[in-house]
Every structure is written in structure tokens, then in C-alpha cells.
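**Q** kindly return the folded structure for what I paste below:
(chains A, B, C and D)
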2 protein chains.
Amino acid sequence: MQTAQGIHQASKLRDFGLRPTRQRLALAKLLFGEQPRHVTAEQLHREAECAGIKVSLATVYNTLHQFTQSGLMREVVVESGRIYFDTNTAPHHHFYHLETGQLLDIPSGHLAIAEIPPPPPGTDIDGVEVIIRITDKKSK
Amino acid sequence: MQTAQGIHQASKLRDFGLRPTRQRLALAKLLFGEQPRHVTAEQLHREAECAGIKVSLATVYNTLHQFTQSGLMREVVVESGRIYFDTNTAPHHHFYHLETGQLLDIPSGHLAIAEIPPPPPGTDIDGVEVIIRITDKKSK
DNA sequence: GTGTTTGCAAAGTGTTTGCAATTTA
DNA sequence: TAAATTGCAAACACTTTGCAAACAC
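**A** Down below sits the predicted model:
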């Protein structure tokens, strides 16, 4: 099971042009499970530590960027001074919980943009990102 | 003219509960002209310097935050590690030029969200933000 | 072996803060 | 004069980088 997953992740990394090193494999195992995940570098680093994996924070940063460059992940910006990395690379949007800092996928089909405006002359659209900021319901 | 604008800004500041100090007045004059503006603290600081206004960067930061808290401006996050302040507080969305870092309003009516998804249980929607990232048209 | 990757510690970036000096009402 | 505001420099959080040691193929 663990081995099977390891092999699976290793070939996945190779397919994306990345050497399956011990650290990259371990992080990939944490990241690419069943559920899509949204992590910051610090979070993933802490998680790896708890799982007994020896990785430096710098390597976590490097790895997340490499994964992003290779198309395994994508960045999401919701707050200045913090980068979230999302394992779901399909086009979709997010809820961002202002109090917990949690990022949640908006189920596809639940958000529809009726009309995308034409980009300014001489420019092309690179991507459309919708962030819905949420807070805990205030009892009144 | 200059005086008129000064008086205008002064009463505006007072209306929003802020003492019209020399620095705040000068920054308000730069910010609240005809056009809506999108600035970072550094940009505004540089601009003030060029205009011969003596303000420290810390005060520019403080002032922008005070303006935001009082409802004169609003923050826009498009990039980790940089905060944009927008003089347009009405609900609207943005183009963000990845190469120049320029932020542009999307004319209202040009973008329509057909359906806003229900927020997760126990939460309320605080705001919806759409960012359309653009790049210079690639000649082919 | 050779080139890639890692980890550390240092440097970098944009932002915030503590506090004495200054300004405002 | 009392309270608010400013400016400086130091502190901050997060991220990136340089480079020698370790690793993958």
C-alpha cells in the first residue's frame, strides 16, 4: 500500500520531469491523496515534521514551486504575505475563511460567470480568479 | 483652486473622523482626484516625495490603513507580498497586469456573476472578488 | 562520476511596531 | 495642554538565495 503509493508518486514525478527524491516523494504523498488540498509552505513543512519526514522549509518552498511550474499544482493568492498552493489544477474558485485562513474549493457548477469582459486592448486574459471571503456567522 | 481642494479634502477627512493633518491632506489630495486610483504604499510614498511632500513611509502605510478603516478606500490583494489600495470603494472587480503590476477597474456591467454559491454552513459571505489576470498580447 | 537536489544560514521584501518628538484642536 | 499623529529605526513574517555537502542516476 505504502509502497504502491510510493511507486505511483515516483512515476508521476518522473512524468512531470522531476527526479523522485526522498523529499519530493514524501511531500507528494502528503499532497496528492484523495482530497484536493490547499496548503502554505509552513503548513506542509509542519505536517511533514509531524509525519517524521526530514525536510527543510527551504526545500518545501522549492518543491512547491517546482510542482507548480510542472503543472502539478497551482498558486492561489488570497492574502498579502502568504502563498497558498492548491493541488487542484482544474479551473475553479475559492471560499476564503477570513478567521481561520482556510481555503475551500467552490464546487464547480455553483458559481457561474455570465459574462467575461474583453481585456484591455493589446492584452490577453491569463486567468480568472474568484475569491469569496467568508466569516463565521455572527449570532445576532 | 489648491486651497479649495484643500478645504474640500479637509472636511472630507473630518467627516470620516480623521484629523486633517498636513500629511493626510497631502496624501488625500494625491489620491482623491478625478480618476479612481490603485496604489501601493511604496508608490504613493514615491509620488509624494516627487511632489515635494515630506511624509515617511510608515505614515503612508498608517494613512492608507486609516483611510481603509474609515471607508475612504479599500484593499485589493492580487499578489502575495504586496497590498494595493483602491480609492473606489464601490463593489467592482479588477484586471491585473502580470507584467506591469498595474491594476485596472473592470467597468461595471462588463462582468456579471450569474450565480453566487451558498457559503458553507455557519458562514456568511463577506465579499466577492474577481481578478482577471492579463498579459501583453503575445505576437505569434 | 556528474549533474541535481538539499539544507543551512544569510539576505531580501514588503509591512508593522515602539516610542520620543511634534503637531493639532 | 491633552490627545492624536508623525518619523525613525528596529522588528516582523514570509519567502528567496548562495553555496557546500549529500544524493540520484
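
**Q** residue closest to the middle of chain A?
**A** Centroid-nearest residue in chain A, with CA atoms, centre = their mean: A:Asp86, separated by 1.3 Å.

**Q** what sits against it?
**A** A:36-38, A:73-76, A:103 (CB atoms under 8 Å, 6 or more residues apart in numbering or on different chains). In this view, the C-beta of every residue, glycine as well, is placed from N, C-alpha and C.

**Q** most neighbours, which of those?
**A** The residue in the contacts of A:Asp86 with the most neighbours, by other CB atoms under 10 Å in any protein chain shown, is A:Met73 (24 neighbours).

**Q** for that one, which non-adjacent residue is spatially closest?
**A** What sits nearest to A:Met73 in space, not counting adjacent residues and going by CB to CB, 6 or more residues apart in numbering or on different chains, is A:Phe67, at 4.4 Å.

**Q** how about A:Val39?
**A** With sequence-adjacent residues excluded and distances taken as CB to CB, 6+ apart, A:Val39 is closest to A:Phe85, at 5.6 Å.

**Q** these two touch, right, the one you found and A:Phe67?
**A** Yes. With contact defined as CB atoms under 8 Å, A:Phe85 and A:Phe67 form a contacting pair (7.3 Å).

**Q** shared neighbours of those two, anything?
**A** A:Met73.

**Q** on that earlier part again, so the residue nearest to A:Val39 is in which element?
**A** For A:Phe85, the host element (DSSP states H and E) is strand A:82-86.

**Q** could you export the helix or strand in which A:Val128 is found as CSV, CA atoms only?
**A** Under the criterion of DSSP H and E, A:Val128 resides in strand A:123-136. Output of strand A:123-136 as CSV, limited to C-alpha atoms (Å, rounded to 0.1, in the frame of the first residue of the first chain):
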residue,chain,number,x,y,z
THR,A,123,-3.7,42.3,-23.7
ASP,A,124,-4.8,38.7,-23.3
ILE,A,125,-6.6,37.1,-20.4
ASP,A,126,-4.3,34.8,-18.5
GLY,A,127,-6.8,33.6,-15.9
VAL,A,128,-9.9,34.5,-14.0
GLU,A,129,-10.0,34.0,-10.3
VAL,A,130,-12.9,34.4,-8.0
ILE,A,131,-12.5,34.6,-4.2
ILE,A,132,-15.4,34.7,-1.9
ARG,A,133,-14.4,35.8,1.5
ILE,A,134,-16.4,34.3,4.3
THR,A,135,-16.6,34.7,8.1
ASP,A,136,-18.3,32.8,10.8
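
**Q** show me what it is packed against.
**A** Contact here means 3 or more CB pairs under 8 Å, 6 or more residues apart in numbering or on different chains; DSSP states H and E; on that basis strand A:123-136 packs against strand A:74-79, strand A:93-97, strand B:123-136.

**Q** follow-up on the earlier one: ok, the residue nearest to A:Met73 to A:Gly33 distance?
**A** Noted for A:Phe67: a distance of 14 Å to A:Gly33, by CB to CB, to the nearest Å.

**Q** same check, this time on A:Ile83
**A** 21 Å.

**Q** when the two are compared, which one has more neighbours?
**A** Between A:Ile83 and A:Gly33, counted using other CB under 10 Å, A:Ile83 has the larger neighbour count: 19 against 11.

**Q** okay, helices next: where are they in chain A?
**A** For chain A, the helices defined by DSSP state H cover A:2-15, A:22-31, A:41-50, A:57-69.

**Q** for these, which has the smallest mean pLDDT value?
**A** Among the helices of chain A, helix A:2-15 carries the lowest mean pLDDT, at a mean of 75.

**Q** for chain A, which residues are neighbours of DNA strand D?
**A** A:19-22, A:40-42, A:57-58, A:61-62, A:65, A:81-83 (CB under 7 Å from any atom of the strand).
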